[in-house]
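K.L.:
Sharing a sequence plus its predicted fold:
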Amino acid sequence: DVKVTQSSRYLVKRTGEKVFLECVQDMDHENMFWYRQDPGLGLRLIYFSYDVKMKEKGDIPEGYSVSREKKERFSLILESASTNQTSMYLCASSTRNGNSPLHFGNGTRLTVT
Amino acid sequence: AQSVSQHNHHVILSEAASLELGCNYSYGGTVNLFWYVQYPGQHLQLLLKYFSGDPLVKGIKGFEAEFIKSKFSFNLRKPSVQWSDTAEYFCAVNAFRAGNMLTFGGGTRLMVKP
């Protein structure tokens, strides 16, 4: 069974701090994704990666960056956290096949004060 | 850009009632369609998917969805809901954007009263 693990379930950070959200998957999936989930807005794609060191902007990349140095790990970085980045962040992975479903982690609830 | 609309944000039903959650998408070409479910405190998981063939697809836990191409719709149905179906449901579309990217709807929060 695919497991996607996000390093923190809850995080509280101050405005202006640099924040790292880590995600690890154990199924050798090529694709990895970062979404944020907000009430009424569903899931919005921030960034995704289809291979090591490769990254593509999603629909809302502003204020975020990512790193994929190893196939199993995909990190989301908030260079200078702001209160409007308070949200639930979801990591997902999938094979390269366009028919394959996404496998999600449990999410990280980030609060920026 | 493609978009996905879920018209019902909150639905409250009694047990044994029938369920239909609407989903419409904006992309005119070939699409793959998904419904995901998030139970309270759990991660998102796949409920069912449509790629091709029979437009009526069956998923886990008695759910089904019908793809109607002419209406750009992929509505989720269940004939008789249970309290354990209380969850948030998300429709998602893959219009063959690069890298298997999905566009999600805003979600529908379902509460089933025992």
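P.N.:
The structure has been received and is ready for your questions.
K.L.:
Spell out which parts of chain A neighbour chain B.
P.N.:
A:4, A:31, A:33, A:35, A:39-45, A:48-50, A:56, A:58-59, A:90, A:92, A:94-102, A:104-107 (Cβ under 8 Å from any Cβ of the partner chain). Heads up, the C-betas are built off the backbone N, CA and C, glycines and all.
K.L.:
Buried among the residues you listed? Make that a PyMOL selection.
P.N.:
Those of these that count as buried under 16 or more other Cβ atoms under 10 Å in any protein chain shown are selected in PyMOL with:
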select buried, chain A and resi 4+31+33+35+42+43+44+45+48+49+50+56+58+90+92+94+95+98+100+101+102+104+105+106+107
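K.L.:
Three-state assignment for the residue in chain A sticking out farthest from the centre, please.
P.N.:
When distances are taken from the C-alpha mean of chain A, residue A:99 lies farthest, 20.8 Å away, according to Cα atoms, centre = their mean. Classification of residue A:99 by DSSP: H, G, I helix; E, B strand; the rest coil places it in coil.
K.L.:
Quick one: residues contacting it.
P.N.:
B:32, B:49, B:51 (Cβ atoms under 8 Å, 6 or more residues apart in numbering or on different chains).
K.L.:
Is residue B:15 in contact with residue B:78, as I believe?
P.N.:
No - between residue B:15 and residue B:78 there is no contact under Cβ atoms under 8 Å: 11.6 Å.
K.L.:
higher neighbour count, these two?
P.N.:
residue B:78 (20 against 13; other Cβ atoms under 10 Å in any protein chain shown).
K.L.:
Am I right that that one is in contact with residue B:63?
P.N.:
Yes - contact criterion Cβ under 8 Å: residue B:78 and residue B:63 qualify, at 5.1 Å.
K.L.:
The helix or strand of chain B with the lowest mean pLDDT packs against which elements?
P.N.:
Least confident helix or strand of chain B, by mean pLDDT, DSSP states H and E, is strand B:103-104 with a mean of 90. Other elements packing on strand B:103-104 under the criterion 3 or more Cβ pairs under 8 Å, 6 or more residues apart in numbering or on different chains; DSSP states H and E are strand A:42-49, strand B:87-94.
K.L.:
Just send those back as a markdown table, with mean pLDDT and distance to residue A:17 too.
P.N.:
Formatted as a markdown table, the helices and strands packed on strand B:103-104 follow (pLDDT from 0 to 100; distance: least, Cβ to Cβ, whole Å):
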| stretch | mean pLDDT | distance to residue A:17 |
| --- | --- | --- |
| strand A:42-49 | 93 | 18 |
| strand B:87-94 | 94 | 30 |
